[in-house]
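Peer 1: show me how the following folds:
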Amino acid sequence: MARLRHFLDLSDIETATLRHVLALAVARKGKARPEPLLAGKTLAMIFEEPSTRTRVSFEVAITQLGGHAVVLDSAGSQLSRGETVADTARTLSRYVDAIMLRTVDHERTREMAQNAGVPVINGLSHRSHPCQVMADLMTFEEHRGAIAGKIVTWTGDGNNMANSWIHAAARLGFTLRIACPPELSPRAEDLNWAAGLGADIVVTADPQAAAAGADLIATDTWVSMGDDQTERRHNLLAPYRVDSHLMARAKPTALFMHCLPAHRGEEVTAEVMDGPQSVVWDEAENRLHAQKGILLWCLGADSPGHGS
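Peer 2: The predicted structure follows:
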């Protein structure tokens, strides 16, 4: 039996495969009309946390590829009534061809994959957001070419997005500078993993230094799912706001990204968010195409014979 192709963390997937998935995404975006490469396939989407982009992009992606999505929220499934993740995984595997889970607890994603008989995709957890960073990588390379050798600056909370950027830096060979308060630094486990692969990653409390000469500045909301919204947290992160002064430290050609939803005036000013260096809407659009690449790879419909 072939090994299941789960998409849980970028750290789990080899560089060549990530490049392959990105190429699939680019190829799908370049098609004038949808192709039913996943005809007859069904994706179960479980949302234990609310979603706009993840839900819509995955549902549209599987539909345009000829498949179908079944959407479950936490209140609409037996998970909310005490059924285990393992039992849910085993049951859904008898009905569907893939499962996408969006949850705070990363271990629930791992447990789902360990017990499922079909591929499992991490639609977001408190630890990582690999699908979003795939869309971000695709967006950067559309605008500025290969990301290898470039400088990416992450400023703000060392959250799930920061962790997935760490994984991507190690796999795809770009410099990553993370500017964040020491209290909100990324997980040491992820940094140590990347260091073991020779990744060029610097963590600093100085956002101005981190932004100097960068090709991309990225950030996220200050309060992620599962975080306490406290005045202290906002005070810690206020110096890491992306404004025109911080963008001026980067290269004149630098891009700005935000995975959305954004809070203008908090983690980013409206001037930057709506300015000429911002590619947030291209980034949001590319969630659709990145999801197609991920689905095609997970479901084994990624060979030349499938039109990719």
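Peer 1: confirm Gly123 sits in a strand?
Peer 2: Yes: in this structure, Gly123 lies within a strand as judged by DSSP: H, G, I helix; E, B strand; the rest coil.
Peer 1: isn't it up against Arg102?
Peer 2: Yes: taking contacts as CB atoms under 8 Å, Gly123 lies within contact range of Arg102: 3.7 Å. C-betas here are computed from N, CA, C, even on glycine.
Peer 1: common neighbours of those two, please.
Peer 2: 45, 47, 51, 54 (CB atoms under 8 Å, 6 or more residues apart in numbering).
Peer 1: what's around the last one, how many residues?
Peer 2: Using other CB atoms under 10 Å as the criterion, Thr54 is surrounded by 22 other residues.
Peer 1: for stretch 56-72, could you pull out the residues that count as buried?
Peer 2: 57-62, 64-65, 67, 69, 72 (16 or more other CB atoms under 10 Å).
Peer 1: hmm, back to that, nearest to Arg5, of the shared contacts of Gly123 and Arg102?
Peer 2: Taking CB to CB as the measure, Arg5 lies nearest Met45 of the shared contacts of Gly123 and Arg102, at 17.4 Å.
Peer 1: just checking, what packs against the helix or strand where the closest one lies?
Peer 2: According to DSSP states H and E, Met45 maps onto strand 42-47. In terms of contacts (3 or more CB pairs under 8 Å, 6 or more residues apart in numbering; DSSP states H and E), strand 42-47 is packed against helix 53-64, strand 68-73, strand 98-102.
Peer 1: and that strand, what's its mean pLDDT?
Peer 2: The average pLDDT for strand 42-47 rounds to 97.
Peer 1: which one of the buried residues of stretch 56-72 sits closest to Glu271?
Peer 2: Ser57 (27.5 Å).
Peer 1: give me the nearest residue to that closest one, chain neighbours excluded.
Peer 2: With CB to CB, 6 or more residues apart in numbering as the criterion, Ser57 has its nearest non-adjacent residue at 4.0 Å, and that residue is Arg287.
Peer 1: before we move on, the earlier item: which of the helices and strands packed on strand 42-47 comes out lowest on mean pLDDT?
Peer 2: Among those, strand 68-73 scores lowest, at a mean of 94.
Peer 1: which residues does that one contact?
Peer 2: Outside strand 68-73, the residues touching it (CB under 8 Å, 6+ apart) are 41-48, 55, 58-59, 62-63, 96.
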